[in-house]
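1. Have a look; sequence and predicted model below, questions after that.
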Amino acid sequence: VRGHITFAAGFNNEAPLMLLTAAQRLEPFDMDLARETYLIAWGAASFGAGNRESLLAVSQAMRRLPSPEAGADVLDLVLESYALLVTDGRRAALPALRRTQDALTDYPVRDLLKVGWAACAVGSYIWEDRLMFETPARVLEEVRSAGALSELPIYLHALGVPVLLSGDFATGATLVAQAGAVAEATGVPMTQHTRLLLRAMQGKEDEASALIAATVQEAGASGQLGGVVSAHWAASVLYNGLARYELALPAAQATIGSANLLVYQFALPELVEAAARVGNDAAAHGALGDLVDLAESCDTDWAQGILARCRALLIDAAAADDLYREAIERLGRTLLRPELARARLLYGEWLRRNRRRAEARVHLRTAYEMFVSIGMEAFAERARRELLATGESVRRKRRDEASSSEELTVQERQIALLVRDGLSNPEVAARLFVSPRTVEWHLRKIFIKLGISSRTQLRGVLSRDESESAPQ
């Protein structure tokens, strides 16, 4: 499939500039191919090698390309907007990014493969939570249909991160499993971005910290700094959940200046929270300033909700109350349940510290129940401890206490979730790289364990937000 970028093969620090040179040499002979190569070079610098200097060099070269005219091909729009992101900043790039997203929304799915991975990121850059899901889902299905096996993990992870940010750990775990199966089948390694984030959000310290450390070592040794910075982001989420802010702060700070613009965007709220909690005002205000540059011009509930939540951590009491309420209202209109739960947790913590215990209990109880239902164990425990500090008695609960699929094996859970979502046995087999007969055999065991007799009954016993663990 032309226009794709095989991150799974791994890009070292030299790759972006080599690709840039190739793109420049191609210009006199094949401009279409040159444009595709420029985009691959941009992605190699940002998501693979993680080299900011190379990313700037590639972006400057892309700026010298002719500006897209009305009705321009979506590839030209992507090149323009991504170049502006780096050379001029988010605020200047926003109009071009919005034109690009408009074009992508109406673009035939098959033609989206021309820009592939790049199409998946635009929704996040403009802070549109629904588009962050929709475009990767569209492209992923087309990549499956095209049979681009080596490319598949890219799009599984491109969808997996938004899925986890919505709090759907069961689907996220399925995407992790599929990516792992593809990597094993093809022998092509790839940084497990979704698995890193899943473990961190679940708050399983031993498993998450081991995976983070291994990723930093392996990705760093191979020159894939994009993988390293993803691991630092995951660490900042993990340690903020555990209230170990002294560890969350350096992890989040390690993403500063990263060429992976998306990870840096997602890590900034972690940096603000950790710095505020340890009393590092300079780091907190610096991170908030960077977040303002990335989000303030985006009038979406996601962008403004996150900004309000972060500003509330660093402002006087009178203004903080209104900002926390704004954050809860705005994030409540998004698909991002973990962000909403965290806004309620922070507001509850603030209310307790301001001796407004009755109000604090309301928000802390809601946050606690949300974290438990999602499967965010560390954040749930943080909320529970705050509730106890208000004088309320709280029994520690786990999401899997009443799980109807507790006895299912990892593979049985994957199959059950895919069948629940309407896939046929051959479709499930293709996703998991097993035979349809194997799926049928496992499905019979699943029915017996769950005490059901038909596929349709799976929807009743497997809730969509059920928290599952990804396979090792």
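-> Happy to help now that I have it. Numbering: from 1, shown residues only.
2. Test my guess that A416 contacts R459.
-> No - between A416 and R459 there is no contact under CB atoms under 8 Å: 10.6 Å. Yep, even glycine has a C-beta here, placed from its N, CA and C like the rest.
3. So for the two, which residue has more residues nearby?
-> Taking neighbours as other CB atoms under 10 Å, A416 and R459 compare with A416 leading, 28 against 13.
4. for the more buried one, what are its contacts?
-> S405, L408, L443, I446, L450, L458, L462 (CB atoms under 8 Å, 6 or more residues apart in numbering).
5. Number of residues surrounding the residue nearest to it when sequence neighbours are not counted?
-> Distance criterion CB to CB, 6 or more residues apart in numbering; nearest residue to A416, sequence neighbours excluded, is I446 at 5.1 Å. Counted by other CB under 10 Å, the residues lying close to I446 total 24.
6. quick one: secondary structure of I446?
-> Here I446 is recorded as helix under DSSP: H, G, I helix; E, B strand; the rest coil.
7. Just list the residues touching it, thanks.
-> Neighbouring residues of I446 by CB under 8 Å, 6+ apart: L408, E412, I415, A416.
8. Dump the residues you listed into TSV; add pLDDT, secondary structure and distance to Y347 as well.
-> Shown next, in TSV, are these (pLDDT from 0 to 100; DSSP: H, G, I helix; E, B strand; the rest coil; distance: CB to CB, whole Å):
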residue	pLDDT	secondary structure	distance to Y347
L408	70	coil	37
E412	79	helix	40
I415	85	helix	40
A416	86	helix	37
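9. Show me the two of these that sit farthest apart.
-> Largest separation among those by CB to CB: L408 and I415, giving 8.8 Å.
10. And those two? Which one has more around it.
-> Regarding L408 and I415, a neighbour count based on other CB under 10 Å identifies I415 as having more, with 29 against 21.
11. hang on, that one packs against L443?
-> Yes - assessed by CB under 8 Å, I415 is found in contact with L443 at 6.4 Å.
12. which stretches of the stretch 151-300 of the chain aren't confidently modelled?
-> Residues of the stretch 151-300 of the chain meeting the criterion pLDDT under 70: 188-191.
13. show me what contacts R309?
-> For R309, the contacting residues are P269, L323, Y324, A327, L331, E339, R342, A343, L346, by CB under 8 Å, 6+ apart.
14. State the distance from it to E339.
-> Distance from R309 to E339, counting by CB to CB, to the nearest Å: 8 Å.
15. just I374 next, same as before
-> 11 Å.
16. for the helix or strand hosting R130, which positions count as buried?
-> Applying DSSP states H and E as the criterion places R130 in helix 129-146. Going by neighbour count (16 or more other CB atoms under 10 Å), the buried part of helix 129-146 is 129, 131-136, 138-140, 142-144.
17. For that helix, name the packing helices and strands.
-> helix 90-106, helix 116-125, helix 152-165 (3 or more CB pairs under 8 Å, 6 or more residues apart in numbering; DSSP states H and E).
18. Just send those helices back as CSV, with distance to E427 and mean neighbour count too.
-> Converted to CSV, the helices and strands packed on helix 129-146 look like this (distance: least, CB to CB, whole Å; neighbours: other CB atoms under 10 Å):
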stretch, distance to E427, mean neighbour count
helix 90-106, 26, 18
helix 116-125, 22, 25
helix 152-165, 14, 26
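19. how much space between the residue positioned nearest the centre of the chain and L268?
-> For the chain, the residue nearest the mean C-alpha position is V161 (2.8 Å; CA atoms, centre = their mean). Per CB to CB, V161 is found 16 Å from L268.
20. just the helices in the stretch 151-300 of the chain please.
-> Under the criterion DSSP state H, counting those that start in this stretch, the stretch 151-300 of the chain contains helices at 152-165, 169-186, 193-202, 205-221, 225-241, 245-253, 261-278, 281-295.
21. dump the residue contacts of the closest residue in space to Q24 that isn't next to it in sequence.
-> In this structure, Q24 finds its nearest non-sequential neighbour in A61, 6.7 Å apart by CB to CB, 6+ apart. When contacts are counted by CB under 8 Å, 6+ apart, A61 touches L20, A23, Q24, Y38.
22. Within the helices and strands, which one has the last one?
-> When secondary structure is defined by DSSP H and E, Y38 falls within helix 31-43.
23. send the alpha carbons of that helix over as CSV?
-> Output in CSV follows, covering the C-alpha atoms of helix 31-43 (Å, rounded to 0.1, in the frame of the first residue of the first chain):
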residue,chain,number,x,y,z
MET,A,31,6.2,14.8,-7.6
ASP,A,32,3.5,12.5,-6.2
LEU,A,33,6.0,10.0,-5.0
ALA,A,34,8.1,12.9,-3.6
ARG,A,35,5.2,14.2,-1.6
GLU,A,36,4.5,10.7,-0.1
THR,A,37,8.2,10.4,0.8
TYR,A,38,8.1,13.8,2.5
LEU,A,39,5.2,12.6,4.6
ILE,A,40,7.0,9.4,5.5
ALA,A,41,10.1,11.4,6.5
TRP,A,42,7.9,13.6,8.8
GLY,A,43,6.4,10.5,10.4
